[in-house]
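Peer 1: need coordinates for the following:
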Amino acid sequence: MNTPRREKARAATIDEIKHTALTHMREQGTVDIRFADIARAMEMTPPALYRYFADRDELLSALIADAYDDLGRCVAEARDAVPADDVGARFMAVAGSYRQWARQDPQRFALILGMPLPGYAAPVDGPTTEAAQRAMSQLSSLFLEAQAQGVLGRPRLRDVHPAIAACAEQKHQQSGVPVSAETFQAMLHAWSSLHGFAALEAYGHFDWITEEGRDALFDGHARLTAETAGLPAPRTL
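Peer 2: Okay, here's the model as predicted:
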């Protein structure tokens, strides 16, 4: 009877540590954390935190994995709310969800998709890598859906550097799903394009434009991104 109770108490403390770390990031406007600051906020001693996380990097890895999982969940829910046969509208939903997630939580957005943290190295093939792959696959899956439905067109840019073609081949071997090099390149262009807009807005660089104007600008940006990538226009929104 006591073991489950101890496990629940431990899980609750871990959640509180992560919540406290995120609160500190948001209040301080930084993605770096110190055990001393977290311990002080929780009225604990810094050594007590080592019972739950081996070091700062392990805590950061947990926060990064959680953030990727949350982003992936939000994007997947937005995508799945749209009929599967309307790939264009599903893309717009995914793009909008990605943007909203970044706007609502710029610190977590910076944590996973901003500047690398000094002194931090994510574990190879660890939870952060797996969570990132799950989250980012939400966008690439739309290209695969369009291809399977026969509605994926050729992207506007068709010249592919051999280095990108090699990356495409490597991904093909890993996933077993054939995607042309030019479409693989279009996927990367689409993500980097949407990410650029989301980052500019999340960090205040579009604040001089009204919210209505930003919405219209993003709508056009997402539509242009989809069109140049070879995705079909949305039938519904």
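Peer 1: where does residue 3 land on pLDDT?
Peer 2: At residue 3, the predicted lDDT confidence score is 61.
Peer 1: the one 4 residues further on now?
Peer 2: What the model reports for residue 7 is a pLDDT of 86.
Peer 1: you'd agree residue 78 is up against residue 92?
Peer 2: No - counting by Cβ atoms under 8 Å, residue 78 stays clear of residue 92, with 9.2 Å between them. To be clear about C-beta, it is placed using only N, CA and C from the backbone, and glycine gets the same treatment.
Peer 1: pLDDT weak spots in this structure?
Peer 2: 1-3, 125, 237 (pLDDT under 70).
Peer 1: quickly list the domain ranges of it.
Peer 2: Split into domains by automatic domain parsing, the chain comes to 1-53, 69-229.
Peer 1: quick one, which of these is nearest to residue 235?
Peer 2: Nearest of these to residue 235, taken as Cβ to Cβ: domain 69-229 at 4.9 Å.
Peer 1: end-to-end on that closest one?
Peer 2: One end of domain 69-229 to the other measures 26 Å (Cα to Cα, to the nearest Å).
Peer 1: what number of residues lie near residue 9?
Peer 2: Residues lying near residue 9 (other Cβ atoms under 10 Å) number 10.
Peer 1: what does residue 55 give?
Peer 2: Considering only other Cβ under 10 Å, residue 55 is surrounded by 11 other residues.
Peer 1: do residue 95 as well
Peer 2: By other Cβ under 10 Å, 28 other residues sit near residue 95.
Peer 1: now do residue 108
Peer 2: Neighbours of residue 108 using other Cβ under 10 Å come to 23.
Peer 1: got the phi/psi numbers for it?
Peer 2: phi -70, psi -30 (degrees, to the nearest 10).
Peer 1: which parts of the longest helix along the chain are buried?
Peer 2: Using DSSP state H, we find that the single longest helix of the chain is helix 2-28. Within helix 2-28, the residues that qualify as buried are 13, 17-18, 20-22, 24-25, counting by 16 or more other Cβ atoms under 10 Å.
Peer 1: from the contact counts, what lies against that helix?
Peer 2: Packed against helix 2-28 by the contact rule (3 or more Cβ pairs under 8 Å, 6 or more residues apart in numbering; DSSP states H and E) you find helix 35-42, helix 56-80, helix 106-113.
Peer 1: residue 154: which of those is closest?
Peer 2: Closest among these, once you apply Cβ to Cβ, is helix 56-80, at 23.2 Å.
Peer 1: run the chain-centre distance for the closest one.
Peer 2: The chain centre lies 7 Å from the centre of helix 56-80; the measure is Cα atoms, centre = their mean, to the nearest Å.
Peer 1: starting at the chain centroid, how far to the next helix-or-strand element following it?
Peer 2: Per DSSP states H and E, the first helix or strand lying C-terminal to helix 56-80 is helix 87-104. Relative to the chain's own centre, helix 87-104 is displaced by 11 Å; criterion: Cα atoms, centre = their mean.
Peer 1: okay, helix 87-104 in CSV with CA atoms only?
Peer 2: Output of helix 87-104 as CSV, limited to C-alpha atoms (Å, rounded to 0.1, in the frame of the first residue of the first chain):
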residue,chain,number,x,y,z
VAL,A,87,-5.2,18.1,-47.0
GLY,A,88,-5.0,21.8,-47.8
ALA,A,89,-7.2,22.7,-44.9
ARG,A,90,-5.4,20.3,-42.7
PHE,A,91,-2.1,22.1,-43.5
MET,A,92,-3.7,25.5,-42.7
ALA,A,93,-4.9,24.0,-39.4
VAL,A,94,-1.5,22.6,-38.5
ALA,A,95,0.2,25.9,-39.5
GLY,A,96,-2.2,27.9,-37.4
SER,A,97,-1.8,25.6,-34.4
TYR,A,98,2.0,25.9,-34.6
ARG,A,99,1.7,29.6,-34.7
GLN,A,100,-0.7,29.8,-31.7
TRP,A,101,1.4,27.5,-29.6
ALA,A,102,4.5,29.7,-30.2
ARG,A,103,2.5,32.9,-29.4
GLN,A,104,1.0,31.6,-26.2
